[in-house]
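# Take a look and give me a structure for this.
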Amino acid sequence: MVRRLPVLNQIRAFEAAARHRSFKAAAEELGVTQSAVSHQIKALEERLGVQLFIRRTRAVDLGPEAARALPVLTEALDRIEAAMLDVAGSAMTGELAISVGPFYGNRFLLPRLERFHAAHPGLTVRPRLSFALEDLVREGLDGAVRFGAGDWPGLDSRLIHPDRVGPVCAPQIVADASLPMDPAAILNLPLATTRQWRGEWTAWFAALGVPTDASQARVEYDSRALAFDAALSGNAVCLADIRLTGAAEVAGSLLRLHPFTLERAHGIHVVWPAGKRADPRIMAFVDWLETEAKAAE
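Next comes the predicted model:
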């Protein structure tokens with residue numbers, strides 16, 4: 001049997017450009033120039049005798065033939081990739097470059113990462129600590145750990161855990177107070193808040209039936225990390241996720257003032273580029289991080 005197939009690089013260029021609706025994004029994904037993508041697609045169109053794309057100034061639209069072919073080709077390339085990984089025996093080996101915020105990375109991910117490596121001895125996670133929402137394809141990243149609502153354009157995501165926050169502070173803030181503290185007594189302590197979550201303390205107290213006055217002073221910080229540091233240093237009480245305070249509580253550097261936790265709408269997600277089969281190595285990382293988060297509750 002003789003297969004009548006175009007050059008594989010032409011198919012890859014077409015599939016990536018069609019999936020992204022962009023020659024530029026396809027070039028970034030494939031690690032080639034935009035002109036190389038354009039050349040491969042033009043050669044494919046000439047071979048097939050069909051105009052696959054409708055070129056516009058800043059984007060491209062799919063012609064009807066291209067729209068029909070895209071899902072089939074994406075699935076086929078995913079299967080080819082999976083088959084080659086199986087043949088090479090490298091489905092769970094190599095390196096994963098993962099972007100993660102410094103606060104979550106230092107407090108949760110890095111202290112546990114050796115357990116992932118022990119469970120997957122052929123696979124190494126290389127964390128990149130960054131405050132930026134980096135472009136995964138452009139920066140050569142396999143995935144990222146992000147805090148938010150899970151709605152990042154161009155990315156697939158899986159929720160690892162929603163934020164569940166409760167009040168913590170350094171022991172010197174409350175001296176010899178009995179724990180758990182009465183919520184009304186907590187209200188009189190120096191409470192740290194952030195610009196993004198200014199109403200969080202009000203919601204926490206309201207859930208416990210404690211009225212608050214909007215004029216009551218709050219110490220506002222730029223980020224959750226800074227509010228957390230203020231609590232550790234004995235300058236404030238902050239609402240922190242229970243998964244990030246465990247080690248400090250065991251060490252005695254933080255006290256949990258009350259057992260009630262408030263669940264936020266946002267949380268920690270792992271994200272990866274959308275539109276293609278998820279790398280099984282990423283999914284192994286996702287499953288592991290989810291298990292660690294459940295164990296830390």
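
# Could you use CA atoms for every contact and neighbour count after this?
Fine.

# Just after the lengthiest helix in the chain, pick out the following helix or strand.
Ranked by residue count, the top helix of the chain under DSSP state H comes out as helix 64-88. Remark: after helix 64-88, the chain's next helix or strand is strand 94-100, criterion DSSP states H and E.

# For that next one, which outside residues touch it?
With CA atoms under 8 Å, 6 or more residues apart in numbering as the contact definition, strand 94-100 has outside contacts at 122-131, 134, 140-146, 281-282.

# mind checking the longest strand of this structure?
Counting residues, the longest strand found in the chain (DSSP state E) is strand 155-169.

# Quick check: next helix or strand after it?
Next along the chain after strand 155-169, with elements defined by DSSP H and E, is helix 171-174.

# Now that next one: buried residues?
In terms of neighbour count (16 or more other CA atoms under 10 Å), helix 171-174 has its buried residues at 171, 173, 174.

# Over to stretch 37-52?
Using 16+ other CA under 10 Å as the burial criterion, the residues of stretch 37-52 that qualify are 37, 38, 40, 41, 42, 44, 45, 51, 52.

# Identify each buried residue in the helix or strand bottoming out on mean pLDDT in the chain, please.
Ranked by mean pLDDT, DSSP states H and E, the weakest helix or strand in the chain is helix 64-88, scoring a mean of 81. Neighbour-count burial for helix 64-88 flags 66, 70, 73, 74, 77, 82 (criterion: 16+ other CA under 10 Å).

# what packs against it?
In terms of contacts (3 or more CA pairs under 8 Å, 6 or more residues apart in numbering; DSSP states H and E), helix 64-88 is packed against helix 8-20.

# List the contacts of the next helix or strand after the helix it packs on.
For helix 8-20, the following helix or strand on the C-terminal side (DSSP H and E) is helix 23-30. Contacts to helix 23-30, defined as CA under 8 Å, 6+ apart, come from residues 13, 16-17, 20, 33-34, 36-38, 59-60, 137-138.
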